[in-house]
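> Return atomic coordinates for the entry below.
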Amino acid sequence: MSKTYSKDCFDRFGDDLYEELLPFISLENRLLRQRVSKRFRRLSNYAQKVLNIDRELQQKCRKNSDVLKTIVNSCSQISHIYSDWIKFVALTDAAIDLVIDYCPHLIYITIDFKDNTDDAIHRFFSRFGPQLKTIRFDCNDRQMDVIMPWVRTCGQLTQYRAENDELSQHSLSMLTESPIAFKRLKSLHLVIRCDDRFGRSVTDLDAFNMFCRYYGQTVTAIELRIDGPKPISIQRLANGLSRLRTLTALRLRYCHNCGEELLSLLTQIGGKCHGVKYLRIHLPYFSIELDVIHAINTSFPQLNRLKFESNGDQYVKITSEWLSALKRLTRLEFYGFRFGDDFFADISQHIPRLHHLDLHLAAITDQALDSLSRLRRLRYFDSAGRFEGTDEGIAPLLQMPDIYHLHIQGSTQTTRDSAPVQFTLTHGWGESVEGW
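Predicted coordinates:
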């Protein structure tokens, strides 16, 4: 057999290049291509480390239990299991046993335990508890007493999410009782309850402050979902956050009309948490207060990423000048707010380092496009609002050398083969994107 291979033969490439290319192939096609050769089977097995149980795969697993077995049996290097269309992956007891048998490297999972037996939960944590680095789970009140003792054994945790107020209370107690056991913790999600409606207990802010004192030198990201209409103790909450000396990312998610409460909290946090580089705020169904924008502009000059989210659809009369103090800002995202030409005026002067801009609902005119083309570092722009410009107005953006994503919904501009960017065409109104 000749040892000279044709120019298009895959054997000319090394294993490292294969491992880079394989993640771009769908899981189904990758399993089929394992039949090509032993080498391809070995490389495919090694490259598949993330299992995304999306809607289609979930339906297939429900119809045929052997589907999941085929996947995990063929991909023994899986370390992450999650779903991009639901918060938690629901696994049957039999599916948990398959994961135990075929996924020895699991370190990240989002899972719903509500339909699982206590024995299955015990088997899962006894196998993976000591090695898990991220766990995000949901359970009923009875199962909480079963799961929390096992969570204490997860000494390798770097990310932990408590998805409801009761679980947050248990988690705060656990984390403060055993701070040494969770010395690797970097990211935490908690629910802060402000009232005792529906028989729920109010969050113990003393326990939260104790947590911040114990983990002040390790935690870099924290997400707080503030629930309940009564004002919380702003001073105590801000004091607790100020103890997190290494905090760089903060998300505040309000479930009620906050008003002056949010303004006061942001002012105090900005004055005490000088290391915060990423600020994300989720607001309920009401228009954003201009005072909040002003507070962020004056209290967080060190920000390089800012993200606002709202469930509403409100027009915001702000300009980029309102963010002119954020000279280090490189990424800006607004979801659920409408913008006009006033926002884009002189944006290159007020936010000169901006390279990622995502405005969910913005009216894009030629004047706005001209302002955007002056952002020399712009690489990503996305808008799902009305397109009121022309092909000539888009042309300067298409010719920018560094831009790799340009999506303006409602445009009729055609994709140019010579353009350095893939220009997406859609019509109608877009939807908000979730992600921390």
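> any idea which element the closest residue to residue 175 other than its chain neighbours lies in?
In space, and not counting its chain neighbours, residue 175 is closest to residue 211: 5.5 Å by C-beta to C-beta, 6 or more residues apart in numbering. (Glycine included, C-beta is placed from N, CA and C.) Of the helices and strands defined by DSSP states H and E, residue 211 is found in helix 205-214.
> what's the following helix or strand after that helix?
Following helix 205-214 in sequence order, the next helix or strand is strand 221-227 (DSSP H and E).
> Phi, psi for residue 339 please.
Main-chain dihedrals, residue 339, degrees, to the nearest 10: phi -130, psi 150.
> And the pLDDT at the closest residue to residue 301 other than its chain neighbours?
Nearest residue to residue 301, sequence neighbours excluded (C-beta to C-beta, 6+ apart): residue 325, at 5.2 Å. pLDDT recorded at residue 325 is 94.
> for the one 5 residues further on, same thing?
In this prediction, residue 330 carries a pLDDT score of 96.
> show me the contacts for it.
Contact partners of residue 330, counting by C-beta atoms under 8 Å, 6 or more residues apart in numbering, are 304, 305, 353, 354, 355, 356, 377.
> Equivalent analysis for residue 116, please.
Counting by C-beta under 8 Å, 6+ apart, residue 116 has contacts 91, 92, 93, 96, 143.
> now the helix or strand where the fourth one lies, how far from the centre of its chain.
I take that to be residue 96. Element membership for residue 96, per DSSP H and E: helix 93-102. Offset of helix 93-102 from its chain centre (C-alpha atoms, centre = their mean, to the nearest Å): 27 Å.
> Name the residues that touch that helix?
Applying C-beta under 8 Å, 6+ apart, the external contacts of helix 93-102 come out as 61, 65, 68-69, 72-73, 76, 78, 81, 91, 106, 116-117, 119-120, 123-124, 127-128.
> Which entries within these meet the buried criterion?
61, 68-69, 72, 78, 81, 91, 106, 116, 120, 123-124, 127-128 (16 or more other C-beta atoms under 10 Å).
> the bottom helix or strand of this protein by mean pLDDT?
Lowest mean confidence among the helices and strands of the chain (mean pLDDT, DSSP states H and E): strand 422-424, at a mean of 41.
> next helix or strand past the helix holding residue 96?
Sequence order places strand 108-112 as the next helix or strand after helix 93-102, per DSSP H and E.
> strands paired with that next one, and their directions?
Note on strand 108-112: by DSSP bridges, its sheet partners are strand 80-82 (parallel), strand 89-90 (parallel), strand 134-138 (parallel).
> closest one to residue 294 among the ones you listed?
Nearest of the strands paired with strand 108-112 to residue 294, taken as C-beta to C-beta: strand 134-138 at 34.8 Å.
> From the contact counts, what lies against the helix or strand that the closest one is followed by?
Next helix or strand after strand 134-138 toward the C-terminus (DSSP H and E): helix 141-151. Applying 3 or more C-beta pairs under 8 Å, 6 or more residues apart in numbering; DSSP states H and E, one finds that helix 141-151 contacts helix 118-128, helix 165-177.
> mind redoing it with 6 Å?
helix 118-128 (3 or more C-beta pairs under 6 Å, 6 or more residues apart in numbering; DSSP states H and E).
> Taking strand 221-227 as reference, get the angle to the helix holding residue 211.
With axes from the mean of the first three to the mean of the last three C-alpha atoms, to 10 degrees defining the directions, helix 205-214 sits at 170 degrees from strand 221-227.
> Could you check the angle helix 205-214 makes with helix 165-177?
Per the same axes, to 10 degrees, the angle that helix 205-214 makes with helix 165-177 is 40 degrees.
> Now the terminal residues of stretch 242-249, how far apart.
13 Å (C-alpha to C-alpha, to the nearest Å).
> Buried residues in that stretch, which are they?
For stretch 242-249, burial by neighbour count (16+ other C-beta under 10 Å) applies to 242, 243, 244, 247, 248, 249.
> again with stretch 265-283
Here stretch 265-283 shows 265-270, 272-273, 276-283 as buried, counting by 16+ other C-beta under 10 Å.
> same question, stretch 210-218
For stretch 210-218, by 16+ other C-beta under 10 Å, it's 210, 211, 212, 214, 215, 216, 218.
> From what I see, the third one and residue 244 are in contact.
Yes - with contact defined as C-beta atoms under 6 Å, residue 212 and residue 244 form a contacting pair (5.4 Å).
> re the thing from before, count the residues that sit near the residue nearest to residue 301.
Residue 325 has 18 neighbours, counted by other C-beta atoms under 10 Å.
> With only the CA atoms kept, save stretch 56-69 in CSV.
Presented in CSV, the C-alpha positions along stretch 56-69 are these (Å, rounded to 0.1, in the frame of the first residue of the first chain):
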residue,chain,number,x,y,z
GLU,A,56,-34.8,17.6,20.1
LEU,A,57,-32.5,15.3,22.1
GLN,A,58,-34.9,15.4,25.1
GLN,A,59,-37.8,14.2,23.0
LYS,A,60,-35.6,11.4,21.5
CYS,A,61,-34.6,10.3,25.0
ARG,A,62,-38.2,10.2,26.1
LYS,A,63,-39.2,8.0,23.2
ASN,A,64,-36.2,5.7,23.4
SER,A,65,-34.2,5.3,26.5
ASP,A,66,-31.3,3.7,24.5
VAL,A,67,-30.5,7.1,22.9
LEU,A,68,-28.9,8.5,26.0
LYS,A,69,-27.0,5.2,26.6
